[in-house]
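**Q** starting from these lines, generate the structure:
(2 chains)
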Amino acid sequence: SQKIEQNSEALNIQEGKTATLTCNYTNYSPAYLQWYRQDPGRGPVFLLLIRENEKEKRKERLKVTFDTTLKQSLFHITASQPADSATYLCALERDFNKFYFGSGTKLNVKP
Amino acid sequence: KAGVTQTPRYLIKTRGQQVTLSCSPISGHRSVSWYQQTPGQGLQFLFEYFSETQRNKGNFPGRFSGRQFSNSRSEMNVSTLELGDSALYLCASSAAGSGGAQETQYFGPGTRLLVL
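**A** Numbering: from 1, shown residues only, chains lettered A, B, ... in the order given. Have a look, this model is predicted:
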């Protein structure tokens, strides 16, 4: 069955540093992978999508990489701010419009 | 455009009861997916509807069902509630199959269900 692993331990970093979150998957080669942000008590919000033929994708302070050989995606937030504190989820589409999500990594950015 | 709306936002039920949750997608979106989110299992796919038809289904018992109306609004129903059904139920809409970017899902705020 599809397995998506994200570091379940919270990531604590200092403001201004770069946060790096990891998403590993098994048993499938997705055409693309997505990253979402979720704040407490709210639904996830789409951030970035990266396709299998793209090594890297950027959006403002966010950067996502996708290594299909390692079956891994890395999500970076540069110059992190306390407002970036949230849980970040990765997701992939296994069947048409059927998405599997990782359990998420909670990021705490300390001022 | 208005975002995805879900009602009610909070619900308390007792074991054995049934519950119906509602979701209104973004205007123009014809795909609606439902997810269950719990601390232990994370976000799990329940089912997806498109043009009033269920296209995909996750691994949940038959007590979980849903439907979609002609205006794309969707409801999900859980019968014979169990304590383990306590969760945040999220719906998401996308333009999948509507000629738009299919991959992006827009989530609603969720319905927090507590089963006592």
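**Q** B:Leu113 and B:Thr20: what is the separation?
**A** 11 Å (CB to CB, to the nearest Å). All C-beta atoms are positioned from the backbone trio N, CA, C, and that covers glycine.
**Q** ditto for A:Gly43
**A** 19 Å.
**Q** neighbour-wise, which of those two wins?
**A** Neighbour count, other CB atoms under 10 Å in any protein chain shown: between A:Gly43 and B:Thr20, A:Gly43 has more, with 23 against 14.
**Q** tell me the contacts of residue 67?
**A** With no chain named, the answer covers chain A. Residues near A:Asp67 by CB atoms under 8 Å, 6 or more residues apart in numbering or on different chains: A:Lys55, A:Ser73, A:Leu74.
**Q** I was after chain B.
**A** B:Tyr49, B:Glu52, B:Ser74, B:Glu75.
**Q** filter those to the buried ones?
**A** B:Tyr49, B:Ser74, B:Glu75 (16 or more other CB atoms under 10 Å in any protein chain shown).
**Q** any chance of those residues in TSV, plus pLDDT?
**A** As requested, the buried ones among the contacts of B:Arg67 are arranged in TSV below (pLDDT from 0 to 100):
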residue	pLDDT
B:Tyr49	93
B:Ser74	98
B:Glu75	98
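**Q** residue in chain A nearest to chain B?
**A** A:Gly43 (3.1 Å; CB to the nearest CB).
**Q** surely that residue forms part of a helix?
**A** No - counting by DSSP: H, G, I helix; E, B strand; the rest coil, A:Gly43 is not found in a helix; it is coil.
**Q** and the next element down the chain from the worst-scoring helix or strand of chain A on mean pLDDT?
**A** Counting by mean pLDDT, DSSP states H and E, chain A has its least confident helix or strand at strand A:98-101, which shows a mean of 86. Tracing the chain C-terminally past strand A:98-101 and defining elements by DSSP states H and E, one meets strand A:105-110 next.
**Q** what comes up buried for that following strand?
**A** A:Thr105, A:Lys106, A:Leu107, A:Val109.
**Q** out of those, which one sits closest to B:Pro39?
**A** Among these, A:Lys106 lies closest to B:Pro39 (CB to CB), at 11.6 Å.
**Q** check contacts around the closest residue to chain A within chain B.
**A** Closest contact between chain B and chain A, by CB to the nearest CB, is at B:Phe107 (3.1 Å). The contact partners of B:Phe107, by CB under 8 Å, 6+ apart, come to A:Gly43, A:Pro44, A:Val45, B:Val4, B:Leu90, B:Cys91, B:Ala92.
**Q** bridging residues for it?
**A** Beta-bridge pairing of B:Phe107 under DSSP bridges involves B:Ala92.
**Q** then B:Tyr10?
**A** B:Arg112.
**Q** again, but for A:Glu93
**A** Under the criterion used (DSSP bridges), A:Glu93 bridges to A:Phe99.
**Q** just the pLDDT at it, thanks.
**A** The model reports A:Glu93 with a pLDDT of 82.
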